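Participant: output the structure for:
(one chain, ligands or ions: 2)
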Amino acid sequence: MRQGTCNLTGWKVTGIILATLIAVVSYLVPDSRLADHHAAIMLGSFLTVLLLCAWLLKDLTGVVQDQKDQMERLMGTNLALTSLIDLKDHYTEGHSRNVRDLARGFAAYLTVPPRQVEQISLAAQLHDIGKIGIPDAILAKPSRLTDEEYAEIKKHPDLGADAIQHIPDYEDIVRIIRHHHERFDGRGYPEGLAGTEIPTGSRLISLADTYDALIHGRAYRQAMSTMDAIREMQAERGGQFDPDMFDHFIRFLSTGANTHSCDDPVCGMPVAGADPELSVSYNHRNYFFCSRTCLVEFTRHPDKYSDSS
Ligand SMILES: [Fe+2]
Ligand SMILES: [Fe+2]
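Facilitator: Numbers count the residues shown, from 1 in each chain. Ligands and ions are numbered 1, 2, ... in the order given. Okay, here's the model as predicted:
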């Protein structure tokens, strides 16, 4: 279906170029064989260009809508998978979403290219999906794990990566998930990668993952304050964490950029350094959006933002 549309679009672009050439030639070469029908040819050519431009625009609008629909379906699938992880492990309920928001905001703060931000966001949301394959008794154990139990837990990056490896275009996401428990000093798992051998997304998610785990309670320990969490993580600068990335992460946390989510209910992504120009007052409330796309969405569907929602 997509292939057919692309071929049609290519044909229309060729048509526009040919019709434009005929119009220009008929205008510039009055003594050519075209001169007899000079005005008619010019008018016909320009009308053809206009018609083809309109068709082309319609095609492109369809492509953009298809991509948007595909992204929404993908997000829906990811949300469903994430809910399964949360159901499986009550102590980490919301962890996947928190890590996604934090990692996405941090990636945007680092001015990572938009496509990579999307990949990191999806990988962060699914990073612990392999825990579905770990026995409940181990995941929810309130006391210290035995060596055998810890060996089971350490399987979850590979289990998760293997589970989603056949989704088209997910190669980079699979790799990020597989290596989210590697350590910068090479003492992590599953492969003991070190330094920049570890994918950028994995090093980034490692920071967001650890920070979120520390500031929320677990079966085996109390939640920490944000300052205590940062102090604890500082001890792993250059050990578990990429030192440069760690420094940026602390600066990112201090900006407060991770404290607000986009008010488009379909989006909900973090607003990195909320731009005051994008704040909108509606029904006596202030709204913030992560992008102009979401702002436009707001202006088109204001009913989504009623006070009762
Ligand atoms: Fe994990
Ligand atoms: Fe995690």
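Participant: how many residues are close by residue 86?
Facilitator: 16 (other C-beta atoms under 10 Å). From N, CA and C alone the C-beta is placed, and that goes for glycine too.
Participant: now do residue 194
Facilitator: The tally of other residues near residue 194 (other C-beta under 10 Å) stands at 14.
Participant: equivalent analysis for residue 109, please.
Facilitator: Residue 109 has 19 neighbours, counted by other C-beta under 10 Å.
Participant: from residue 115, how far off is it?
Facilitator: Residue 109 sits 17 Å away from residue 115, going by C-beta to C-beta, to the nearest Å.
Participant: what do you get for residue 166?
Facilitator: From residue 166 across to residue 115, the span is 21 Å (C-beta to C-beta).
Participant: pLDDT score for whichever residue of the stretch 51-200 of the chain sits closest to ligand 2?
Facilitator: Residue of the stretch 51-200 of the chain nearest ligand 2, by C-beta to the ion: residue 128 (4.4 Å). pLDDT recorded at residue 128 is 93.
Participant: that one: neighbour count?
Facilitator: The burial count for residue 128: 27, using other C-beta under 10 Å.
Participant: that one contacts residue 84, correct?
Facilitator: No - in this structure, residue 128 is not within contact of residue 84 by C-beta atoms under 8 Å, at 10.7 Å.
Participant: which of the three states applies to residue 167?
Facilitator: coil (DSSP: H, G, I helix; E, B strand; the rest coil).
Participant: which residues does it contact?
Facilitator: Listed by C-beta atoms under 8 Å, 6 or more residues apart in numbering, the contact set of residue 167 reads residue 173.
Participant: against residue 132, how distant is residue 156?
Facilitator: 9 Å.
Participant: more neighbours: which of those two?
Facilitator: residue 156 (23 against 17).
Participant: what about the closest residue to the more buried one other than its chain neighbours, neighbour count?
Facilitator: Spatially, and ignoring its direct neighbours in sequence, residue 156 is nearest to residue 130 (3.6 Å; C-beta to C-beta, 6 or more residues apart in numbering). Residues near residue 130, counting by other C-beta under 10 Å, number 23.
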